[in-house]
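> With the input below, show me the fold.
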Amino acid sequence: MPPVSAAVDAARGTRRRKDVLRAYLALTKPRIIELLLVTTVPAMMLAARGIPSPWLVFATLFGGTMAAGSANALNCVADADIDAVMKRTSARPLPRHQVPTRHALIFGVTLGVLSFAWLWPATNLLAASMAVGAILFYVLVYTMVLKRRTAQNIVWGGAAGCMPVVIGWSAVTGDIGWPALVMFGVIFFWTPPHFWALAMKFRDDYARAGVPMLPVVTTPDRVARQIVTYSWVMVAWTLLLVPATGWVYTTFAVATGGWFLIVAHRLYASIRRGEPGKPMKLFHMSNTYLTLVFVALAVDSALSLPVIGLPF
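Residues are numbered from 1 along each chain as shown. Coordinates of the predicted model:
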């Protein structure tokens, strides 16, 4: 019997370790990181006008993953009280007491320090500094100030999520070119329609937590109008990259942009008719849209088509 008992204890210990590892991984919000990485590689390919060094791509993605994981973990620490009262986030590690708050804080800070220590020698000081700047902006400006005080929180706070394309560009070139700023703008204007659609679905959650997301403080009609407005600006902004790209990117930017606008206008029309609309349809397709636009950018860059217009 003792050997059996020892085997059971060992199995339980293994399960506990796996549960702890999963909890720490959950603090980094892997699904959000995936989307950030999807935009980083195409930005690096556009900067290189082809396929950059595999080592540089790996180094940038690895450091960027640690930076994003740091920001998300620290966000979980700062938002633990909010997450505990929202159904959508109540299963996160801190509300469920799977990770002590102090340990989560140390984990988040450590990831941030490691990201800088990795990115500086592996890429350059500019890329490493911007990664740290993105962490600080997301945690200190968005999470701790904007999120709880203004309905424009996601508009300005979303700037942190735009940084991976600029970091990827600077890792290749050592500077910040105008195409990097255009890519930044694409994600900047994409973020409000994407997040407001989610907030429309979980309006009661945000209201319960006292977070003034736009759907909480104004009417669905106004939210839908804002979504349409930002969608038009976003699609128009994607076309600013046309002088630095070729027909593959241009074709996909126009086609997928038209698709996005149709879904946004349908949401607005249904709400104007007094119907609840389908905001989650827009939310899910917005992820697909952004992926397609940046994959098209990567393919276009890999083809190394001639650049028309201003040099960079």
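> and L181, how many neighbours does it have?
Other residues near L181 come to 15 when the count uses other C-beta atoms under 10 Å. Just so you know, the C-beta spots here come from the backbone N, C-alpha and C atoms, and that holds for glycine as well.
> same for the helix or strand encompassing T40, what does it pack against?
Element membership for T40 (DSSP states H and E) is helix 30-48. Judged by 3 or more C-beta pairs under 8 Å, 6 or more residues apart in numbering; DSSP states H and E, the packing partners of helix 30-48 are helix 54-78, helix 163-173, helix 178-201, helix 279-302.
> so for that helix, what's the average pLDDT?
What helix 30-48 shows for mean pLDDT is 90.
> ranking the helices and strands packed on helix 30-48 by burial, who's on top?
Greatest average neighbour count among these goes to helix 163-173 (a mean of 27), per mean count of other C-beta atoms under 10 Å.
> list the helices and strands that one packs on?
With contacts taken as 3+ C-beta pairs under 8 Å, 6+ apart, helix 163-173 sits against helix 30-48, helix 54-78, helix 125-136, helix 178-201.
> T110 is nearest to which of the helices and strands packed on helix 30-48?
helix 54-78 (7.8 Å; C-beta to C-beta).
> hmm, who's touching the helix or strand following the closest one?
Later in the chain than helix 54-78, the nearest helix or strand by DSSP H and E is helix 80-85. By C-beta atoms under 8 Å, 6 or more residues apart in numbering, the surrounding residues in contact with helix 80-85 are C76, T89, S90, R92, L94, P95, T101, R208, A209, G210, V211.
> What's the first helix or strand after helix 80-85?
By DSSP H and E, the next helix or strand past helix 80-85 is helix 101-122.
> Restricting to C-alpha, output that following helix in PDB.
C-alpha atoms of helix 101-122 as PDB (Å, rounded to 0.1, in the frame of the first residue of the first chain):
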ATOM      1  CA  THR A 101      -1.400  38.600  -5.600                       C
ATOM      2  CA  ARG A 102       2.100  39.300  -4.500                       C
ATOM      3  CA  HIS A 103       3.400  36.500  -6.600                       C
ATOM      4  CA  ALA A 104       1.500  37.700  -9.700                       C
ATOM      5  CA  LEU A 105       3.000  41.200  -9.200                       C
ATOM      6  CA  ILE A 106       6.500  39.800  -8.900                       C
ATOM      7  CA  PHE A 107       5.800  37.600 -12.000                       C
ATOM      8  CA  GLY A 108       4.600  40.600 -14.100                       C
ATOM      9  CA  VAL A 109       7.600  42.800 -13.100                       C
ATOM     10  CA  THR A 110      10.100  40.000 -13.700                       C
ATOM     11  CA  LEU A 111       8.700  39.400 -17.200                       C
ATOM     12  CA  GLY A 112       9.000  43.100 -18.000                       C
ATOM     13  CA  VAL A 113      12.600  43.300 -16.800                       C
ATOM     14  CA  LEU A 114      13.500  40.200 -18.700                       C
ATOM     15  CA  SER A 115      11.900  41.500 -21.900                       C
ATOM     16  CA  PHE A 116      14.100  44.600 -21.800                       C
ATOM     17  CA  ALA A 117      17.200  42.600 -20.900                       C
ATOM     18  CA  TRP A 118      16.500  40.300 -23.800                       C
ATOM     19  CA  LEU A 119      15.400  42.800 -26.500                       C
ATOM     20  CA  TRP A 120      18.300  45.300 -26.000                       C
ATOM     21  CA  PRO A 121      21.200  43.000 -26.900                       C
ATOM     22  CA  ALA A 122      19.100  40.800 -29.200                       C
END
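> any idea of the angle it forms with helix 163-173?
Helix 101-122 runs at 30 degrees relative to helix 163-173, counting by axes from the mean of the first three to the mean of the last three C-alpha atoms, to 10 degrees.
> for helix 101-122, which positions count as buried?
Buried positions in helix 101-122, judged by neighbour count with 16 or more other C-beta atoms under 10 Å: 103-105, 107-108, 111-112, 114-116, 118-120, 122.
> can the helices and strands packed on helix 30-48 go into CSV with extra columns for mean pLDDT?
Below are the helices and strands packed on helix 30-48 laid out as CSV (pLDDT from 0 to 100):
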stretch, mean pLDDT
helix 54-78, 96
helix 163-173, 96
helix 178-201, 96
helix 279-302, 95
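> May I see the ones you listed organised as a markdown table, with distance to W232 added?
Shown next, in a markdown table, are the helices and strands packed on helix 30-48 (distance: least, C-beta to C-beta, whole Å):
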| stretch | distance to W232 |
| --- | --- |
| helix 54-78 | 29 |
| helix 163-173 | 21 |
| helix 178-201 | 9 |
| helix 279-302 | 14 |
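> Compare those and report which one is nearest to A48.
Between A48 and those, the tightest spacing by C-beta to C-beta is seen for helix 163-173, at 5.2 Å.
> and the angle from the closest one to helix 30-48?
Using the same axes, to 10 degrees: helix 163-173 against helix 30-48 is 40 degrees.
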